[in-house]
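Undergrad: One predicted model, sequence on top.
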Amino acid sequence: MTYSYKNILLLFLLLCAAGCKKGYLDTVPDNITTLKDVFTNRSMTEQWLARLYHPMPDMWAQPYSTPWTGQCDEADYAWVQPGINSGAIAPDNATPSYWNSYYQTIRQAAIFLQHADENQEIKALPDGTRLLKQYKAEARFLRAYYYWLLMRQYGPVVLMGETPSLPEEDFQIPRSPWDACVSYVVSEMDKAFPDVPVLHVNPVDPTQPDVTQTGRITQPIILAVKSQILLYHASPLFNGNKDLASFTNPDGTVLFNQAYDKEKWKRAADAAKAVIDLNRWELYTVSDPDPFRAAYLSCRNLFFDGWQKEAIWIRTSSSHVGNWERHCSPRCANGQGWNGIAVTQEQVDIFRMANGKATGDAGSGYSENGFTDAATPYYVSGTYNMYTGREPRFYVDVTFNGATVPVVPEAGQTRVEFFFTGNSGKNGAPRDWPSTGYTARKNIHPNTDFRTGRNFTRPAMMIRLGEIYLNYAEALNEYEPGNADILKYLNKIRNRGGLPDLQPGLSQAEMRAQIQLERRIELMFEGHRYWDVRRWKVADKPDQHQGGAFHGMNIEKGSSLSDPEFHKRTVSFTRANWQPRFYFYPVPQSEIDRNKKLVQFPGY
């Protein structure tokens, strides 16, 4: 099969425009004009493969390219308001839109699979045949992975087949049903599995990992991604969802299965357990004589040091974490933080007390009256009692009025002040203030200094062991409620977070609520919540609502740290009421116009 010069040049321009990553991925092909040039040259072939990795999402690229936190009940962005929040989302303005860019990468992967075997230079290497198999397996997995990302955002997708089509061929192709999409993606990952290594090892010292290959596909990564996919596949949105019975192709093909299948939960549980049973990772913990401090440091430092023990799939270096830190840091932070990723009161309220009890439980010690006269490493004297005595992860994840400054503070600054006239309050800046009186704190390094540009480069954990434990507990509770492993793995997460064990005896529904709560806290701001409320079909429930009014403190009031006028629950912002069309993004209108067999998701 041949390709026109124009088509290849276009592909090359797409590759070059994508940007680059460090290490293995820090390469861009030069002077490519034909496929023959690419696939007869080892370096160019390897660079083509490297480019397939670039579009992988970075959860810390907030609030711009991955704004899922600001499109759910976790937070409100000061600078960016996605159309889904106002209800103005439409096929011609939906952002972020990955439809075209992911399909471009899917095509590039298909071209690689079709032509990689032409590279005689690689075949001539002592390990060349195995190396080519590995390269093709990476491309096969990545092609399936980008299909999965499209499915998660847009629902059932158009499967383009094994061979990349010529421009003049028929592209009038309908969506494949959801189950067929999942079957295809998982089978492609299974095909890739045998030909990628368990670990990329150092060629000089095979007992050590090769850090230059960090992020490249391995067998454990494939198993972990399958755990995610199969968990979603078993969830209510995708498993016997009768609300979507009318979503069909033009020929009447129903795109979402209408029969609930309990066995899908077993497949999800087995997939998560397969990752756990590899026994290659452990939950990261820090030792300290004070158990509360140990839990706090374990959860805080997880993102600075813990990835070495807990991360399963790593994005080599998160180039966006510096912006995340600055967007979250209050203005009283050195060099003026941007103070604009505002945590909702709804998120604040879900954190338990240090004794493990919910704030509404008898004997929890929770109070919304008065102010403390005691200072701790987490807040100063005079702080509102609502924020005292909470579980360790609260102080890891949320900055509140009276909290200690999350990074190296300006001289003389001992606390964060979000009240109206405070050092980070609304009165002091035109827009650098949080709408709720709280900002996100997770993954802000305490020694970051914006004045000197000092920051701490670190990888982004795309999948970590804590998530897999929660995947397993959730799937097992749905398939075999009462199984001892449910509490075993849920309690591992709770214990690392400083909470006591949950005891046996909970009903399936009660355990489901605990697992969902644990995901909401443990994975906060890591790019899961937006998808979880959808796959659970709870986005319209009062206790997990994704539309309507969201609350915070009264940022229009207050002239002192302990001013009661600031510490009043108030509506901070209002979003469009939840609509069923918000379960998925619309396909770009330009694609609907071109492909007459491609149906739009209902409601757009």
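TA: Yep, it's here. Numbers count the residues shown, from 1 in each chain.
Undergrad: ranges for the helices of the stretch 101-250 of the chain?
TA: Ranges of helices in the stretch 101-250 of the chain, per DSSP state H, counting those that start in this stretch, are 120-123, 128-154, 178-192, 219-234.
Undergrad: and the gap between the spatially most central residue of the chain and Trp60?
TA: For the chain, the residue nearest the mean C-alpha position is Gly527 (2.5 Å; CA atoms, centre = their mean). Relative to Trp60, Gly527 is positioned 9 Å away (CB to CB, to the nearest Å). C-beta here means a position set from N, CA and C on the backbone, and glycine is covered the same way.
Undergrad: shared neighbours, these two?
TA: Taking CB atoms under 8 Å, 6 or more residues apart in numbering as the contact rule, Gly527 and Trp60 both touch Thr66.
Undergrad: quick one: which helix or strand includes the spatially closest residue to the residue nearest to the centre of the chain that is not a sequence neighbour?
TA: With sequence-adjacent residues excluded and distances taken as CB to CB, 6 or more residues apart in numbering, Gly527 is closest to Met59, at 3.7 Å. Using DSSP states H and E, Met59 is not contained in any helix or strand.
Undergrad: pLDDT score assigned to Met59?
TA: Met59 carries a pLDDT value of 94.
Undergrad: do Val396 as well
TA: On the pLDDT scale, Val396 gets 98.
Undergrad: That one in helix, strand or coil?
TA: Following DSSP: H, G, I helix; E, B strand; the rest coil, the label given to Val396 is helix.
Undergrad: hang on, it packs against Asn443?
TA: No. Val396 is beyond contact range of Asn443, at 9.2 Å (criterion: CB atoms under 8 Å).
Undergrad: that older thread, save the helices of the stretch 101-250 of the chain as JSON lines, and put in distance to Asn483 and mean pLDDT too.
TA: Shown next, in JSON lines, are those (distance: least, CB to CB, whole Å; pLDDT from 0 to 100):
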{"stretch": "helix 120-123", "distance to Asn483": "48", "mean pLDDT": "96"}
{"stretch": "helix 128-154", "distance to Asn483": "28", "mean pLDDT": "98"}
{"stretch": "helix 178-192", "distance to Asn483": "24", "mean pLDDT": "98"}
{"stretch": "helix 219-234", "distance to Asn483": "16", "mean pLDDT": "98"}
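Undergrad: so which of the ones you listed is the most packed in?
TA: Neighbour counts (mean count of other CB atoms under 10 Å) averaged over each of the helices of the stretch 101-250 of the chain peak at helix 219-234, with a mean of 23.
Undergrad: can I get the CA coordinates of stretch 514-524 in PDB?
TA: Written as PDB, here are the backbone C-alpha positions of stretch 514-524 (Å, rounded to 0.1, in the frame of the first residue of the first chain):
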ATOM      1  CA  GLN A 514     -17.800   3.500  52.200                       C
ATOM      2  CA  ILE A 515     -15.900   2.500  49.100                       C
ATOM      3  CA  GLN A 516     -17.200   5.400  47.100                       C
ATOM      4  CA  LEU A 517     -16.400   7.800  49.900                       C
ATOM      5  CA  GLU A 518     -12.900   6.400  50.200                       C
ATOM      6  CA  ARG A 519     -12.300   6.900  46.400                       C
ATOM      7  CA  ARG A 520     -13.600  10.400  46.800                       C
ATOM      8  CA  ILE A 521     -11.000  11.200  49.500                       C
ATOM      9  CA  GLU A 522      -8.000   9.100  48.500                       C
ATOM     10  CA  LEU A 523      -8.000  10.000  44.800                       C
ATOM     11  CA  MET A 524      -9.100  13.600  45.200                       C
END
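Undergrad: Now do that stretch: everything it contacts.
TA: 74, 347, 350-351, 393, 397, 442, 466-467, 470, 473-474, 477, 486, 490, 493-494, 497, 502, 506, 528-529, 532, 536, 538.
Undergrad: ok, the residue nearest to Gly527 - contacts?
TA: By CB under 8 Å, 6+ apart, the contact list for Met59 reads 66, 68, 460, 462, 525-527.
Undergrad: Dump the residues you listed to TSV, plus distance to Ala429.
TA: Formatted as TSV, the contacts of Met59 follow (distance: CB to CB, whole Å):
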residue	distance to Ala429
Thr66	26
Trp68	26
Ala460	29
Met462	34
Phe525	23
Glu526	28
Gly527	28
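Undergrad: Tell me the one among those nearest to Lys557.
TA: Distance to Lys557, by CB to CB, is smallest for Phe525 among the contacts of Met59, at 27.4 Å.
Undergrad: wait, doesn't that closest one sit right on Glu74?
TA: Yes. Using CB under 8 Å, Phe525 is in contact with Glu74, at 6.2 Å.
Undergrad: Now the terminal residues of stretch 363-372, how far apart.
TA: End-to-end distance for stretch 363-372, by CA to CA, to the nearest Å: 18 Å.
Undergrad: Any idea how far that stretch is from the middle of the chain?
TA: Centroid separation between stretch 363-372 and its chain, computed with CA atoms, centre = their mean, to the nearest Å, is 33 Å.
Undergrad: Ramachandran coordinates for Val571?
TA: Per-residue torsions, Val571: phi -70, psi 120 (degrees, to the nearest 10).
Undergrad: what do you get for Ser572?
TA: Dihedral angles (degrees, to the nearest 10) for Ser572: phi -90, psi -40.
Undergrad: how about the nearest residue to it, chain neighbours excluded?
TA: Gly552 (3.8 Å).
Undergrad: Number of residues surrounding the one you found?
TA: As a burial measure, Gly552 scores 24 neighbours (other CB atoms under 10 Å).
Undergrad: where does the chain dip in pLDDT?
TA: By pLDDT under 70, the low-scoring segments of the chain are 1-33, 317-318.
Undergrad: quick one, phi/psi of Ala75?
TA: phi -160, psi 170.
Undergrad: cool, and Tyr77?
TA: phi -90, psi 140.
Undergrad: Show me this structure divided up by domain.
TA: Domain segmentation of the chain under automatic domain parsing yields 1-54+96-201, 64-88+319-457+550-577, 223-316+465-535.
Undergrad: what's the closest of those domains to Pro542?
TA: domain 64-88+319-457+550-577 (10.5 Å).
Undergrad: and the closest one, how far from the chain's centre?
TA: With CA atoms, centre = their mean, you get 21 Å for domain 64-88+319-457+550-577.
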